[in-house]
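Q: Fold the stuff below for me.
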Amino acid sequence: MAKYVHSMIRVLDERRSVDFYDQAFGLKVVERLDFDSFTLVYLSNPETPVELELTVNKNQSEPYELGNGYGHVAFVVEDVDAEHKRFEAVGLAPRKLVNFEHDGKTLARFFFVQDPDGYEIEVMQRLGRYQ
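A: Alright, predicted model coming up:
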C-alpha cells in the first residue's frame, strides 16, 4: 500500500509563505534543506503526518504562472465560522462562507483563501467525509 507523504508548491518568498501557513493553519517548519540553487522547506502540524513542501528556487524573481491545471488543497477545521472570522481579523482575506448542499443535505461548509503566491486553499468544516 502506498502512503501519501507530501504535496509541493513553488513559492517566491520563503519567509512570507512560511508566515502565511503558520498564521493560517499552524503549520511549522519541520525541516529546511538548503541547496545551491533552491531550498526545500517542509511544513506540518500535529494534526496530520502529511507535509506541505515549499520549493524556493533561488533564481526565480517573477511570480510563478499557476496555469489552469492547479485546483486547490484543503484543510479541515473544527469551527469554520470561527476560522473565517479569525482569517478576516488577521487580514488573510477569506472569501465568503459557502454551504454546499446536494439533495437537501449539507455536504460541506467552506471558504477559500489564497496564499501569497496565489494558490487556492479550501478551509472546510470537519463534517461527514471531511474528517
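Q: lowest-pLDDT helix or strand in this protein?
A: Every helix and strand in the chain was compared by mean pLDDT, DSSP states H and E; the lowest is strand 98-102, with a mean of 91.
Q: what helices or strands is it leaning on?
A: With contacts defined as 3 or more C-beta pairs under 8 Å, 6 or more residues apart in numbering; DSSP states H and E, strand 98-102 has these neighbours: strand 105-114. The C-beta positions use only the backbone N, C-alpha and C, and glycine is treated the same way.
Q: Now find how far off-centre whatever helix or strand comes next after the strand it packs on is within its chain.
A: Going down the chain from strand 105-114, the next helix or strand is strand 120-125, by DSSP states H and E. The chain centroid and the centroid of strand 120-125 are separated by 8 Å under C-alpha atoms, centre = their mean, to the nearest Å.
Q: ok, residues contacting strand 120-125?
A: With contact meaning C-beta atoms under 8 Å, 6 or more residues apart in numbering, strand 120-125 is reached by 24, 70-77, 79-80, 83-84, 87, 94, 108-115, 130.
Q: make it 7 Å
A: 72-77, 80, 83, 108-115, 130 (C-beta atoms under 7 Å, 6 or more residues apart in numbering).
Q: Paired strands for that strand, with orientation please.
A: strand 73-77 (parallel), strand 105-114 (antiparallel) (DSSP bridges).
Q: and the angle for it with strand 98-102?
A: 70 degrees (axes from the mean of the first three to the mean of the last three C-alpha atoms, to 10 degrees).
Q: Now do the buried residues in strand 120-125.
A: Neighbour-count burial for strand 120-125 flags I121, E122, V123, M124, Q125 (criterion: 16 or more other C-beta atoms under 10 Å).
Q: Quick check: the farthest pair among those?
A: Maximum pairwise distance among the buried residues of strand 120-125 (C-beta to C-beta): 14.7 Å, between I121 and Q125.
Q: Just name whatever secondary elements the longest helix along the chain is in contact with.
A: Taking DSSP state H as the criterion, the chain has its longest helix at helix 14-25. Helix 14-25 sits against strand 38-45, strand 48-57, with contacts defined as 3 or more C-beta pairs under 7 Å, 6 or more residues apart in numbering; DSSP states H and E.
Q: and V90, what is it in contact with?
A: Q23.
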